[in-house]
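> need a structure here:
(one chain, ligands or ions: 2)
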Amino acid sequence: MNPYSVPSPPNGPVPWRKEVAQAVLHDLLRVRRMEERCAQLYGEQKIRGFLHLYIGEEAIAAGALRALQAEDNVVAAYREHGHALLRGLPMQTIMAEMYGKQEGCSHGRGGSMHLFDRARRFFGGNAIVGGGLPLAVGLALADQMRQRPAITACFFGEGAMAEGAFHEAVNLAALWKLPVLFLCENNLYAMGTALARSEAQTDLCAKAASYGLPALTVDGMDVVAVHAAVQTAAQQVRAGGGPQYLELRTYRFRAHSMFDPELYRDKAEVEAWKTRGPIHTYTARLKAQGLLTEEEFLALDARAQAEVEQAVAYAEAGTWEPASDLLRDVTTPETAP
Ligand SMILES: Cc1ncc(C[n+]2csc(CCOP(=O)(O)OP(=O)(O)O)c2C)c(N)n1
Ligand SMILES: [Mg+2]
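Ligands and ions are numbered 1, 2, ... in the order given. A predicted model of the protein is given here:
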């Protein structure tokens with residue numbers, strides 16, 4: 001059901017100086033190690049409810065978020081742990097949120113799918129497929145009306161392109177020339193449904209381009225390519241050129257969520273995509289270019305793992321919101337400032 005053949009692994013030149021190249025690898029490792037630990041904690045029932053891992057797709061968040069600025073808005077879907085972390089949310093507040101503790105970034109009320117941080121302009125974590133798209137367009141409309149020089153980056157899965165919300169959001173963004181960068185993470189599956197089983201048009205760029213906005217396909221497993229494409233598109237959107245769309249082709253290495261026997265895809269397909277894994281291919285490129293030694297890799301990885309353990313300790317030591325607070329923040333007083 002996969003409409004594409006698996007391309008060869010990314011192997012082009014890395015255009016960054018050593019410090020930046022290694023910082024990008026550290027970003028990738030932080031996301032990967034944090035999520036591997038989350039999977040373990042889920043098995044121990046420390047984390048409950050839904051948990052959608054981004055493992056395999058990290059190059060998108062790592063490449064894209066480095067190309068954005070602090071004043072930009074970021075909207076993501078429910079597979080958003082990596083986006084939240086690389087937007088600058090402290091790992092410990094993410095982990096506390098996973099646990100449902102009140103020290104979490106959403107005060108323990110959101111959990112894995114609803115990471116949120118207003119100060120960092122990270123507007124979710126949205127559990128509804130396609131739900132983030134109208135929010136992103138609304139944020140961009142507000143910025144346009146206030147003449148605030150910022151763009152809104154909206155991450156969503158290819159499954160969202162089958163939703164009416166996608167079409168309504170992209171239509172208005174294009175019509176009103178809103179500063180939105182639509183970033184479609186095409187991992188070929190929407191839960192257990194392969195793209196070609198649900199979409200008459202599997203050329204996602206053609207679909208987006210029908211609204212009259214520029215649309216490009218990018219190798220979402222290549223952090224260098226993602227960064228370059230997002231940087232170029234973001235500059236053009238920021239300059240007032242109207243919205244743009246990027247299809248970032250990727251693959252999820254784990255199940256859709258923690259309840260998924262994965263009967264809809266072959267193990268061989270998963271293994272073939274793993275040869276394009278965003279971390280080991282990037283690591284090999286850095287080593288081949290003399291930008292990284294094995295000792296440096298191990299040190300970066302150890303740092304990431306230590307950060308994860310510190311975050312787990314923080315979440316463990318966190319506290320539950322008292323039942324007496326349950327009605328707080330349920331409604332906003334009419335007289336709110
Ligand atoms: C409106 C809506 N319909 C259905 C669901 C159930 N659901 C949760 S995830 C998902 C698949 C979405 O796939 P995609 O957008 O490709 O994102 P991915 O999980 O691949 O990252 C579905 C159908 C939902 N959350 N919201
Ligand atoms: Mg998908």
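> hang on, isn't Glu57 packed against His83?
No - in terms of Cβ atoms under 8 Å, Glu57 does not count as a neighbour of His83; the distance is 10.2 Å. In short, each C-beta sits where N, CA and C put it, glycine included.
> who's more crowded, these two?
His83 (28 against 24; other Cβ atoms under 10 Å).
> that one and Ala76 touch, don't they?
Yes - at 4.4 Å, His83 counts as touching Ala76 under the criterion of Cβ under 8 Å.
> please enumerate the shared neighbours of these two.
122, 155 (Cβ atoms under 8 Å, 6 or more residues apart in numbering).
> looking at this, Val24 is in a strand?
No - applying DSSP: H, G, I helix; E, B strand; the rest coil, one finds Val24 to be helix, outside a strand.
> residues touching it, list them.
16, 62-63, 66, 223, 227, 282.
> turn the buried ones among the residues you listed into a named PyMOL selection, would you?
Restricted to buried positions by 16 or more other Cβ atoms under 10 Å, the PyMOL selection for these reads:
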select buried, resi 16+62+63+66+223+227+282
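> mind giving me JSON lines with the contacts of Val24 and columns for distance to Ala313, pLDDT and secondary structure?
As requested, the contacts of Val24 are exported to JSON lines (distance: Cβ to Cβ, whole Å; pLDDT from 0 to 100; DSSP: H, G, I helix; E, B strand; the rest coil):
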{"residue": "Trp16", "distance to Ala313": "33", "pLDDT": "98", "secondary structure": "coil"}
{"residue": "Ala62", "distance to Ala313": "25", "pLDDT": "98", "secondary structure": "helix"}
{"residue": "Gly63", "distance to Ala313": "30", "pLDDT": "98", "secondary structure": "helix"}
{"residue": "Arg66", "distance to Ala313": "28", "pLDDT": "98", "secondary structure": "coil"}
{"residue": "Val223", "distance to Ala313": "30", "pLDDT": "98", "secondary structure": "helix"}
{"residue": "His227", "distance to Ala313": "33", "pLDDT": "98", "secondary structure": "helix"}
{"residue": "Tyr282", "distance to Ala313": "29", "pLDDT": "98", "secondary structure": "helix"}
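> low-confidence stretches in the stretch 1-150 of the chain?
1-3 (pLDDT under 70).
> which ones are touching the closest residue to ligand 1 within it?
Closest to ligand 1 within the stretch 1-150 of the chain is Val129: 3.7 Å, counting by Cβ to the nearest ligand atom. Neighbour list for Val129: 77, 156-157, 159-160, 163, 190 [criterion: Cβ under 8 Å, 6+ apart].
> give me that answer again for 10 Å
77-78, 156-157, 159-163, 165-166, 190-191 (Cβ atoms under 10 Å, 6 or more residues apart in numbering).
> return the subset of those residues lying in strands.
Judged by DSSP state E, those include 156-157, 190 as members of strands.
> ok, which of those residues also contact ligand 1?
Among these, the ones lying near ligand 1 by Cβ under 6 Å from any ligand atom are 157, 190.
> drop anything exposed from the ones in strands among the contacts of Val129.
The neighbour-count test (16+ other Cβ under 10 Å) marks 156-157, 190 as buried among the ones in strands among the contacts of Val129.
> quick one, phi/psi of the residue nearest to Leu178 when sequence neighbours are not counted?
Closest residue to Leu178 apart from its sequence neighbours, by Cβ to Cβ, 6 or more residues apart in numbering: Ala140 at 4.0 Å. Dihedral pair for Ala140: phi -70, psi -40, per degrees, to the nearest 10.
> tell me where the stretch 201-337 of the chain has strands.
215-219, 244-249 (DSSP state E, counting those that start in this stretch).
> dump those to CSV, plus mean pLDDT and distance to ligand 2.
Output for these, formatted as CSV (pLDDT from 0 to 100; distance: least, Cβ to the ion, whole Å):
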stretch, mean pLDDT, distance to ligand 2
strand 215-219, 98, 15
strand 244-249, 98, 11
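> which one of the ones you listed lies closest to ligand 1?
Go through those one by one with Cβ to the nearest ligand atom and the one that ends up closest to ligand 1 is strand 244-249, at 11.3 Å.
> how far off centre is that closest one?
The chain centre lies 13 Å from the centre of strand 244-249; the measure is Cα atoms, centre = their mean, to the nearest Å.
> dump it to CSV, restricted to CA.
Provided in CSV are the C-alpha atoms of strand 244-249 (Å, rounded to 0.1, in the frame of the first residue of the first chain):
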residue,chain,number,x,y,z
GLN,A,244,3.7,27.8,1.8
TYR,A,245,3.4,24.1,2.1
LEU,A,246,6.2,21.5,2.5
GLU,A,247,5.6,17.7,2.4
LEU,A,248,8.3,16.1,4.5
ARG,A,249,8.5,12.4,3.7
